[in-house]
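[1] Pasting a predicted model and its sequence here:
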Amino acid sequence: MRLLPDAPLDARTTLRLGGPARWLAEVADADDARAAVRFAHQSGLPWAILGGGSNTIAADVGYAGVLLHPTGRRIEATERADSVWVRAESGLPWDELVAFAVRRELAGIAALSGIPGQVGAAPVQNIGAYGEQLADVFVSADVLDCVTGKLECWDAERAAFAYRDSAWKRGEEGRWLILAITLKLQPSAFAAARYPDLRQELLDGGADPDRAPLAALRRAVLTVRRRKGMVCDPEIADSRSAGSFFVNPEVPLDAARDAESRLRAAGRLGPDETMPSWPAPALADGSERRKLSAAFLIERSGFRKGQDGPNPRVGLSRRHVLALVHRGGGSAADLLALADTITAQVARQTGISLHREPRLLG
């Protein structure tokens, strides 16, 4: 284990915001993690986990404790009767795992290309895009209980996945460190594209969107994501973000209808226009729910691409209103103030509450 004092968090998060962590511990395995937690106990400090920093807003004051940063990056594939199980350690960048699967012609995660962050964070967030989500291919995770020091194997049932959610995300901060995950992928050189913009990109490139080569699907996803500023790229100014800042809300059918009526009454929705929505898991009593587009709600509530926040050093992406971007010289407080402005206005205009996707550290 390597301990780094006063580690700058602005250099370790995609938003490029935040003060320093008092200590950052690079942990390659369970023994390293146990040693880091012992150090935190002996120093009287709290601890937390930081992966690639792509879904994190680091506070301006930094983090006054020990951050555990996974560094293991090994991948191994095992052929089964009807599938290939791929085990990857948590410090590996997620997109490197996708590239590995595409090269090996293993279908199941090609549409998740370009998502930033490390492998260990993928099940916590239950990452998803373009019709695929991690829960659909998840087999298990090697998990360290940082309180007891016990190494455990979690299956999908214990992970309790939901939309952009999991038992880890809902659980005690810093208790569970994912050291590796195992995914079940299908040996196939082709996959179908489900979303219109992705299908069009494949058609433009001469590929059949119903049976696209995995490499072509990956290229199309990266192109579409780059167009929206959703790929971490120093050449793209608007990529200094945490990706999608708000979760697409899942609401009762009556709330969705009410939001549509409010927008129409305010002249923000044409008389023949409908608000986009999709089926969502029903409530416990069987009542219907709908998933709404957070980006649509934001735009129709009066916000536009490229709009400045209360402090112009932060604002909405010029490519996608769902991304809040740091333009340089700003602060986490500036970003959160913009998020509060957006959530308040969307609630006034539609009655829908938006919820932040990235976590606040510190």
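    Sure, I can see it. Numbering: from 1, shown residues only.

[2] Next, the closest residue to Glu273 other than its chain neighbours: secondary structure please.
    What sits nearest to Glu273 in space, not counting adjacent residues and going by CB to CB, 6 or more residues apart in numbering, is Arg264, at 8.0 Å. In this view, the C-beta of every residue, glycine as well, is placed from N, C-alpha and C. Counting by DSSP: H, G, I helix; E, B strand; the rest coil, the backbone at Arg264 sits in helix.

[3] what do you get for Trp168?
    With three-state DSSP as the basis, Trp168 sits in helix.

[4] And the next helix or strand past the biggest helix by length in the chain?
    The longest helix of the chain (DSSP state H) is helix 332-350. Downstream of helix 332-350, the first helix or strand assigned by DSSP states H and E is strand 359-361.

[5] What distance do you get for the closest residue to Phe161 other than its chain neighbours to Ala156?
    Spatial nearest neighbour of Phe161, chain neighbours left out: Ala135 (3.8 Å); criterion: CB to CB, 6+ apart. When CB to CB, to the nearest Å is the yardstick, Ala135 and Ala156 sit 7 Å from each other.

[6] And for Lys305?
    Distance of Lys305 to Ala156, computed by CB to CB: 38 Å.

[7] Likewise for Gly65?
    Remark: distance between Gly65 and Ala156 (CB to CB) = 31 Å.

[8] just Ala255 next, same as before
    Distance, Ala255 to Ala156, using CB to CB: 30 Å.

[9] just Ala107 next, same as before
    To Ala156, Ala107 is 19 Å away according to CB to CB.

[10] do Asn126 as well
    Going from Asn126 to Ala156 by CB to CB gives 11 Å.

[11] quick one: common contacting residues for those two?
    Ala135 (CB atoms under 8 Å, 6 or more residues apart in numbering).

[12] what about those two, which has more around it?
    Between Asn126 and Ala156, counted using other CB atoms under 10 Å, the more crowded position is Asn126 (21 against 17).

[13] these two touch, right, that one and Ser166?
    Yes. Asn126 lies in contact with Ser166 (CB atoms under 8 Å); the separation is 5.2 Å.

[14] all helices of the protein, in order?
    For the chain, the helices defined by DSSP H cover 30-43, 94-103, 122-125, 156-159, 167-170, 196-204, 214-227, 253-265, 294-300, 332-350.

[15] neighbouring contacts of the first one?
    With contacts defined as CB under 8 Å, 6+ apart, helix 30-43 is touched by 1, 3, 23, 25-27, 46-47, 65-66, 68, 144, 146, 149, 151, 177, 179.

[16] change it to 7 Å
    The contact list for helix 30-43 (CB atoms under 7 Å, 6 or more residues apart in numbering) reads 1, 3, 25, 27, 46-47, 65-66, 68, 144, 146, 149, 151, 177, 179.

[17] count of neighbours near the residue nearest to Gly62 when sequence neighbours are not counted?
    Of all residues not flanking Gly62 in the chain, Gly19 sits nearest, at 2.9 Å (CB to CB, 6+ apart). Gly19 has 19 neighbours, counted by other CB under 10 Å.

[18] so what does the longest helix of the chain touch, helix or strand wise?
    If you count contacts as 3 or more CB pairs under 7 Å, 6 or more residues apart in numbering; DSSP states H and E, helix 332-350 packs onto strand 56-58, helix 253-265, helix 294-300, strand 314-316, strand 324-326.

[19] right, and those - which one's nearest Gly362?
    When the helices and strands packed on helix 332-350 are compared by CB to CB, strand 56-58 sits nearest Gly362, at 5.9 Å.

[20] and the closest one, what's its mean pLDDT?
    Taken as a whole, strand 56-58 has a mean pLDDT of 96.

[21] Mind listing the strands that strand pairs with, and their directions?
    strand 359-361 (parallel) (DSSP bridges).

[22] Of all the residues in stretch 186-205, which ones are buried?
    By 16 or more other CB atoms under 10 Å, the buried positions in stretch 186-205 come out as Phe190, Ala191, Ala193, Leu198, Arg199, Glu201, Leu202.

[23] Extract the residue ranges of the stretch 151-300 of the chain that are flagged as low pLDDT.
    Along the stretch 151-300 of the chain, the model assigns pLDDT under 70 to residues 234-235, 237.

[24] Recalculate using a threshold of 50.
    Residue ranges of the stretch 151-300 of the chain with pLDDT under 50: none are present.

[25] Next one: the residue lying farthest from the centre of the chain from Val27, what distance?
    Distance from the C-alpha centroid of the chain, by CA atoms, centre = their mean, peaks at Pro271 (35.0 Å). Pro271 is 58 Å from Val27, where distance means CB to CB.

[26] Could you do Gly108 as well?
    Distance of Gly108 to Val27, given as CB to CB: 28 Å.

[27] Who has more neighbours out of these two?
    Val27 (26 against 22).

[28] wait, Asn311 sits on Gly329?
    No. Counting by CB atoms under 7 Å, Gly329 is not a contact partner of Asn311; they are 9.1 Å apart.

[29] who has more neighbours, those two?
    The neighbour comparison of Asn311 against Gly329 (other CB under 10 Å) goes to Asn311, with 16 against 10.

[30] got the contact list for the residue nearest to the more buried one when sequence neighbours are not counted?
    Leaving out its chain neighbours, the residue that sits closest to Asn311 by CB to CB, 6+ apart is Asp334, at 4.1 Å. Asp334 makes contact with Gly309, Asn311, Arg313, Val314, according to CB under 7 Å, 6+ apart.

[31] what does Leu360 give?
    Leu360 makes contact with Ile57, Ala59, according to CB under 7 Å, 6+ apart.
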